[in-house]
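[1] coordinates only, sequence not included:
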């Protein structure tokens, strides 16, 4: 890796989220999954949006 070409600008986003669902089978119970996510974006002119995702992490919350 050529470190001279690494972008110098990055952004970190931390957000709480919840996902609720219901299994397709009738016997399944509805569920709720919640946690925290952290995403690191790096500025890159080669990307159409100008940013690329460098790392994503999900930390589940304890029930």
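    Arrived safely. As the structure is a computational prediction, the values presented were derived from the model and not from experiment.
[2] Please report how far residue 50 lies from residue 39.
    Distance of residue 50 to residue 39, given as Cβ to Cβ, to the nearest Å: 15 Å. Every C-beta, even on glycine, is put in place using the N, C-alpha and C of the backbone.
[3] What of residue 49?
    Residue 49 is 13 Å from residue 39, by Cβ to Cβ.
[4] Between those two, which is the more surrounded one?
    Between residue 49 and residue 39, counted using other Cβ atoms under 10 Å, the more crowded position is residue 39 (15 against 7).
[5] What's the separation between the more buried one and residue 52?
    11 Å.
[6] Give me the nearest residue to residue 29, chain neighbours excluded.
    In space, and not counting its chain neighbours, residue 29 is closest to residue 23: 7.5 Å by Cβ to Cβ, 6 or more residues apart in numbering.
[7] Could you check how many residues crowd around that neighbour?
    So residue 23, with other Cβ under 10 Å, has 10 neighbours.
[8] got it, and residue 41?
    For residue 41, using other Cβ under 10 Å, the count is 18.
[9] Report the beta-bridge partners for it.
    residue 11, residue 53 (DSSP bridges).
[10] how about low-confidence regions in the protein?
    1-8, 63 (pLDDT under 70).
[11] now do 50
    Along the chain, the model assigns pLDDT under 50 to residues 1-4, 6.
[12] got the residue ranges for the strands in it?
    10-21, 31-43, 51-60 (DSSP state E).
[13] Deepest in the core, which of those is it.
    Comparing the strands of the chain by mean neighbour count (mean count of other Cβ atoms under 10 Å), strand 31-43 ranks first with a mean of 13.
[14] Name the surrounding residues that touch that one.
    7-23, 50-61 (Cβ atoms under 8 Å, 6 or more residues apart in numbering).
[15] can we see that at 7 Å?
    Here strand 31-43 makes contact (Cβ atoms under 7 Å, 6 or more residues apart in numbering) with 7, 9-21, 50-61.
[16] now it against strand 10-21, angle please.
    Inter-element angle recorded for strand 31-43 and strand 10-21: 160 degrees (by axes from the mean of the first three to the mean of the last three Cα atoms, to 10 degrees).
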